[in-house]
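S.K.: would you be able to build a 3D model of this:
(chains A and B)
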Amino acid sequence: MTDTEFLTRMLFEFSYWHDMQDDAFKPRAYQLAAESIGALGHEVKEAWRKGGIKELKELPAIGQAIAEKIDEYFRTGRIRSYDALKKKFPVDIYGLAHVQGLGPKHIRDLYEQLGVKNLKDLEKVLRKQQVRDLPGFGEKSEEKLARGILLMKRSTGRHLLGHILPLAEDIVTRLSRIPGVKQCVYAGSLRRRQETVGDIDLLATSSDPERVMKAFVHLPEVETVHEHGKTRSSVRLSMGIDADLRVVPDKVFGATLQYFTGDKRHNILLRERAIRQGLLLNEYGLFKGKKLLTCASEEAIYKRLGLDTPPPELRVGHDELSAAERHTLPDLLPYGSVKGDLQTQTNWSDGTSTIRDMAVAAKTYGLDYIAITDHTQSLAFINGLDEKRVAKQGKEIDTLNKQRGQSLARILKSAEVDIKPDGSLDLDDETLASLDCVGIAIHSHFSMTEKEATKRIIRAMSNPHVDCLFHPTGRLIGKREPYPLDMKAILAGAKKYRVALEINAFPDRTDLRDLHVRMAVDAGVPLFINTDAHDPEHFTLLSLGEAIARRGWATKRDIINTKSLNQLRAWLEKKRPRPNWTA
DNA sequence: GCCGTTTTCGGCCCGACTGTTTTCAGTCG
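M.R.: Numbering: from 1, shown residues only, chains lettered A, B, ... in the order given. The predicted structure follows:
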């Protein structure tokens, strides 16, 4: 268990504990703190290293009491008050809370009356049918808990945005065809384009909600129906993700869309703002007393509250509302702005297709140019290119560019040059100088300290031929942790050596991530958005990269490959001449 | 326990669905 996981779990268990005691407000405070720590990841420890309790208190939702707990944990490896809680209430609260339908009050009752401490105990008392006789429980709650355990065991946790988005779009299309449906969209974390999504939030308007609900719970991929109400239903789909559908009258669509786009922290801040103005905000509109002020559109609601409308990607409950109030929200990069993909692989190394096929696919997708960035010789197991093969590939690219006509994107000579453990590169400088554009990346020796990894990358960036650092943190969501990096030092190095950082759009990478994009934007470090395409199909992933850029408050100016080919060349040549430019 | 256009005290988002209840508590999003 990582530090972050422990702290999140500890805060979550305190939240539930206080809920069991019927405390009205501490549960929420601990809940928000847990979410905040979970979202910040290793930045929590960075903050603590930098300035202890004082710096921890600067983090959102962290005050004196929780900062002291975190400080105690980093200093001693323990938290005395948490140990005391576990002694007084020796229950795996966190594990039990993941069962659908099991909340703090029932966890308390199950422990106090039947001694249930963990999932195994719960399964046992359910089998013995002991739960149904407890006050507040019955036969149905027994069934519901048993079903909850089953669903939890079969759930695969959070899902990658890139895997769920196509499914959600398909479901929206099918629901839209139901007679009586006027509008149907996905909302929630999908609409915010979070890198992972926990469930699919759907919203529809219809004059006949019950008909829509019936069709929804009977979709072919529905495996279990959690709830089937008149205006809200919830199901588990066969791929292990839940989908919720809410149906409302067409005239309140704007208010409901706002409400279900969230996230939770954003909505709470917005509703608290409404209260300060003597108003009430819910999914049916903005009200003064019983009088409806507006519900027609998201924009109307934000405007009535004195705010510009933050794009969905920014609604995370940090500082977007204060920017909305001061009219300083960024002019986000529009979808479809990227003109060329500067990281693509072919069958010269580990891609599936020829250079020509990739250039055709890119053109079909609407791109003007692509860089061919096959792996280099250190990656021998996938036939990485040495200097000779780079030169040979360059000749093929020259030929294709000469005969390309209208059906191929312009092809740039490039490579995904491997960064060796000492920070040197595995192509010689002469070869690097012959390329139109040079990307570098780490592919091995991932177990480094923060200091070593940071030094290694900065040394690699200091090579005067380098233009872009690919997938800078090396993470693979759900498979590999990012190597530890001093991101501020990396950004300073990128700025000093005029190296762009990549936003890699591949679904399990999405690297840089949103927080780091925002740091780069603030630091004035230029960015590329690339798909890392290994197949012609992969160009469709570009919009995922654009989504990350938007979540990081990036504008068109921040993204180099929104430039035309000529502008790109001019940008590259500010660093060094490109004598062999193919285009 | 956190936080500040209410700033070191006094507030703290809101509603649908379910099941166990006879009017509501618990859970969820």
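
S.K.: please list the residues of the stretch 301-450 of chain A that sit near DNA strand B.
M.R.: With C-beta under 7 Å from any atom of the strand as the criterion, the stretch 301-450 of chain A meets DNA strand B at residues A:322, A:325. (C-beta placed from N, C-alpha, C; glycine too.)

S.K.: run through the residues that contact A:Glu537.
M.R.: Going by C-beta atoms under 8 Å, 6 or more residues apart in numbering, A:Glu537 touches A:Ala361.

S.K.: tell me the domain boundaries of chain A?
M.R.: A:1-89, A:95-155, A:165-247, A:252-326, A:340-573 (automatic domain parsing).

S.K.: now those as CSV including distance to A:Leu332?
M.R.: CSV is the format used below for the domains of chain A (distance: least, C-beta to C-beta, whole Å):
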stretch, distance to A:Leu332
domain A:1-89, 20
domain A:95-155, 33
domain A:165-247, 11
domain A:252-326, 6
domain A:340-573, 5
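
S.K.: nearest to A:Leu333, out of those?
M.R.: Closest approach to A:Leu333 among those is made by domain A:340-573 (5.1 Å; C-beta to C-beta).

S.K.: residue numbers of the stretch 151-300 of chain A in contact with DNA strand B?
M.R.: Residues of the stretch 151-300 of chain A lying near DNA strand B (C-beta under 7 Å from any atom of the strand): A:188, A:199, A:201, A:227-232, A:234, A:242, A:244, A:264, A:267-268, A:271-272, A:274-276, A:280-284.

S.K.: for the residue in the stretch 201-350 of chain A that DNA strand B sits nearest to, which non-adjacent residue is closest in space?
M.R.: Here the stretch 201-350 of chain A gets closest to DNA strand B at one residue, A:Gly229, 2.4 Å apart by C-beta to the nearest atom of the strand. In space, and not counting its chain neighbours, A:Gly229 is closest to A:Met213: 7.2 Å by C-beta to C-beta, 6 or more residues apart in numbering.

S.K.: which residues touch the one you found?
M.R.: By C-beta under 8 Å, 6+ apart, the residues touching A:Met213 are A:228-231, A:233, A:245, A:247.

S.K.: could you do A:Asp341 as well?
M.R.: Listed by C-beta under 8 Å, 6+ apart, the contact partners of A:Asp341 are A:362, A:367, A:370-371, A:530-531, A:533, A:539, A:542, A:561.

S.K.: so which of those residues is the most crowded?
M.R.: A:Asn561 (32 neighbours; other C-beta atoms under 10 Å).

S.K.: so how many other residues sit close to the nearest residue to A:Val197 once chain neighbours are set aside?
M.R.: Residue nearest to A:Val197 in three dimensions, not counting chain neighbours: A:Ser189, with 4.4 Å by C-beta to C-beta, 6+ apart. A:Ser189 has 23 neighbours, counted by other C-beta under 10 Å.

S.K.: would a markdown table of the domains of chain A with mean pLDDT be doable?
M.R.: A markdown table is the format used below for the domains of chain A (pLDDT from 0 to 100):
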| stretch | mean pLDDT |
| --- | --- |
| domain A:1-89 | 92 |
| domain A:95-155 | 91 |
| domain A:165-247 | 93 |
| domain A:252-326 | 90 |
| domain A:340-573 | 94 |
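
S.K.: quick check: which of the ones you listed is nearest to A:Pro579?
M.R.: domain A:340-573 (7.9 Å).

S.K.: about what we covered before: and the contacts of A:Asp341, which is closest to DNA strand B?
M.R.: Nearest to DNA strand B, judged by C-beta to the nearest atom of the strand, of the contacts of A:Asp341 is A:Leu542 at 29.0 Å.

S.K.: my read: that closest one touches A:Phe528, true?
M.R.: No - the criterion here is C-beta atoms under 8 Å, and A:Leu542 misses it with A:Phe528 at 11.4 Å.

S.K.: which residue of chain A sits farthest from its center?
M.R.: Most distant from the centre of chain A: A:Asp133, at 43.7 Å, with distances by C-alpha atoms, centre = their mean.
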